[in-house]
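A.B. asks: with the input below, show me the fold.
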Amino acid sequence: MNVLIVEDEIPAAQRLSKMMLTADPGINILAVVESIEQSIGWLKKNPAPDLIMMDIHLADGSSFEIFHQVQITCPVIFTTAYNEYALKAFEVNSIDYLLKPIKTEHLDRALGKFKKFKGTSQEGSLQDLIRMLHPATAYKTRFLVHFSDKLISVEEQEVAYFHSEEKIVFLVTGEGKRYVIDSTLEELEKVVNPKEFFRLNRQFIARLNSITDIFNHFNGKLKIKLAPAVTEEIYVSRERAPRFRSWLDGE
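C.D. replies: Numbering: from 1, shown residues only. Predicted coordinates:
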């Protein structure tokens, strides 16, 4: 098994290499790369490995950016000290998600999962493998909101966007109805369908069909117009803009 390790901390990379060789002496560690730039360069110049062990937080940014710059055709096992990226990890080529410090039994389980399904999916594609490992995620289809002194349920397809204003989060429908919802944008971001909704900034999560206009703005930012319209101006930051463009393009 040929493995590429993406890890910017040398001690962590050395420890992971040792653990993997102990788990399976037949593993061949092709390289250890430390950044987004190095990862992209290596993947463009070399045949695809059988497996990538990838840290999420690298010195030059999030490793999810790698997937926007180069096509990765092999399974990935993510490693991180944070657990809030699990859903995002399974949107790409992830077959497992290991929290640091990595435990031997968790690594053994992840490698065993890879080996088990690799043998049964050699005739199929990577996406077949990922679908077997991770059945379709069930995203929220309706949301409980406040309406006067009542609670009502709003269907997901009625939602235009979620808006945070002075620590209160509102659900706004396509018809312009505005309700208070007892969730933070961070909580909502984890449960809405990422193909339909995007976190524009700290104040807005918007549905695709609520975005009416997109304008290039100063310093690489994007200016967004929504329907129903809002009085304030909405911007996507320069750092978030590449991922927003990829989302619009269906990637």
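
A.B. asks: which strands and helices sit next to whatever helix or strand Ile205 lives in?
C.D. replies: Assigned by DSSP states H and E, Ile205 falls within strand 204-207. When contacts are defined as 3 or more C-beta pairs under 8 Å, 6 or more residues apart in numbering; DSSP states H and E, strand 204-207 sits against strand 159-165, helix 185-191, strand 197-199, strand 222-226. For every residue, glycine as well, the C-beta is placed using N, CA and C.

A.B. asks: packing partners of the helix ranked longest in the chain?
C.D. replies: Longest helix in the chain by number of residues (criterion: DSSP state H): helix 104-120. Applying 3+ C-beta pairs under 8 Å, 6+ apart, one finds that helix 104-120 contacts helix 10-23, strand 94-99, helix 126-133.

A.B. asks: closest one to Ser183 among these?
C.D. replies: Taking C-beta to C-beta, strand 94-99 is the member of the helices and strands packed on helix 104-120 nearest to Ser183, at 23.4 Å.

A.B. asks: could you tell me the angle between that closest one and helix 104-120?
C.D. replies: 180 degrees (axes from the mean of the first three to the mean of the last three C-alpha atoms, to 10 degrees).

A.B. asks: hang on, the earlier thing: got the CA positions of the strand holding Ile205 in PDB?
C.D. replies: Extracted in PDB, the C-alpha atoms of strand 204-207 (Å, rounded to 0.1, in the frame of the first residue of the first chain):
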ATOM      1  CA  PHE A 204     -25.600  34.700   6.500                       C
ATOM      2  CA  ILE A 205     -26.200  31.200   5.300                       C
ATOM      3  CA  ALA A 206     -27.900  31.400   1.900                       C
ATOM      4  CA  ARG A 207     -29.700  29.000  -0.300                       C
END
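
A.B. asks: let the chain start at 12 from now.
C.D. replies: All set: I'll call the first residue 12, so the last point we hit is now strand 215-218.

A.B. asks: which parts of whatever helix or strand comes next after it are buried?
C.D. replies: Following strand 215-218 in sequence order, the next helix or strand is strand 222-227 (DSSP H and E). The neighbour-count check on strand 222-227 (16 or more other C-beta atoms under 10 Å) flags Ile222 as buried.
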